[in-house]
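# Got a sequence here, can you model it:
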Amino acid sequence: MHPIGANTWIWVSPLTDARLAALAPRIHAWGFDVIELPVESPGDWDPDRAADLLAGLGLGATVCAVMSADRDLVTDDAEVVRRTGDYLRYCVRVAARVGAGVVAGPMYAPVGRTWLLDADARAATVRTLRDRLRPLAEEAAGAGVTLAVEPLNRFETSLLNTTEQALEVVDGIPGLGLALDTFHMNIEERDIPTAIRTAGDRLAHVQVCANDRGAPGNDHLDWTGIVAALRDVGYDGPLCIESFTAENRTIATAAAIWRPLAPTQDKLATGGLAFLRALLARIGPATGV
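Got it, this is the predicted structure:
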């Protein structure tokens, strides 16, 4: 069975030590296996305190990188590239400290940055991105962490929208993998299970939510087909529910959270957990439905 996780963005932004101390016991009590920890700004929360807290609860962890307006690996501004690299190195150190094997996110350009790319410009940008990610991935691999590059939908980036495009970046570079999110895949992929099978053994992380960013299961997605595809490619990592609170207007605007997606944020998380547990139990072991 896949571990099931919850991203703290469901409730709070930014994450802090006090907020994590209040949230983590509740997430554990509901029956989640993993907590997903965003790093919006270095220093928002202490990885040593988080590691002790999660160890005491028996919760696993994954880490999310956040590509804010001042973080970009494909810009011509060398100073921005340097600072972005330093930020990603910090995320790797945090992940290693809390026991997370993955740092996931759109590690290429700020979320919301879109620009027109012809075939030649795209190829050149991909080469640049690979060159800049390679040393970061090597360092991450040395710490036992995979950098999982996430394609986003067309309204949030124009660079990497599909699994095939993201594979152009990660293929052949140790320490790099793919992070796939059902919300973005529902917009960009013509067939989600096929896209997962295309990712193959490069799939390093999976985020799940309904097509409207609500609870998994309250939607039209082919969840049985999605889980079957994950098993076909040998993915046994967590399924982390990612949605967002409207508390932080910057995050809410970036994620287009304009209305409640569940009666409460708690119900969004626990409803998704119940659905995923029942789905996995029904499907059973990896031998199929």
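# going forward, measure contacts and count neighbours with C-alpha atoms only.
Noted.
# Tell me how many other residues crowd Pro285.
A total of 11 residues lie near Pro285 under the criterion other Cα atoms under 10 Å.
# Check for me that it belongs to a strand.
No. According to DSSP: H, G, I helix; E, B strand; the rest coil, Pro285 belongs to no strand; its state is coil.
# Could you tell me how far it is located from His2?
10 Å (Cα to Cα, to the nearest Å).
# cool, Gly60 as well?
With Cα to Cα as the criterion, Gly60 and His2 are 12 Å apart.
# More neighbours: those two, which one.
Per other Cα under 10 Å, whichever of Gly60 and His2 has more neighbours is Gly60, with 22 against 17.
# And the strands in the chain?
4-7, 34-39, 60-65, 102-105, 146-149, 176-181, 203-208, 239-241 (DSSP state E).
# now, of those, which is deepest in the fold?
Mean neighbours per residue, mean count of other Cα atoms under 10 Å, is largest over those for strand 146-149, with a mean of 29.
# What is the least confident helix or strand in this structure?
The helix or strand of the chain with the lowest confidence, counting by mean pLDDT, DSSP states H and E, is helix 249-254 at a mean of 79.
# contact partners of that one?
13, 111-112, 156, 244-246, 258 (Cα atoms under 8 Å, 6 or more residues apart in numbering).
# Could you pull out the buried residues of it?
Judged by neighbour count (16 or more other Cα atoms under 10 Å), helix 249-254 contains these buried residues: 251-252.
# I'd like the numbering to begin with 836 instead of 1 from here.
Let's use 836 as the start, then, which means that last one is helix 1084-1089.
# what's the spacing between it and its chain's center?
Centre-to-centre, helix 1084-1089 and its host chain are 17 Å apart (Cα atoms, centre = their mean, to the nearest Å).
# how about the CA coordinates for it, as CSV?
Extracted in CSV, the C-alpha atoms of helix 1084-1089 (Å, rounded to 0.1, in the frame of the first residue of the first chain):
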residue,chain,number,x,y,z
ARG,A,1084,-3.6,35.6,-0.5
THR,A,1085,-0.4,35.3,-2.5
ILE,A,1086,-0.5,31.5,-2.5
ALA,A,1087,-4.3,31.4,-2.9
THR,A,1088,-4.1,33.8,-5.9
ALA,A,1089,-1.3,31.8,-7.5
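# Please consider this matter closed, and thank you.
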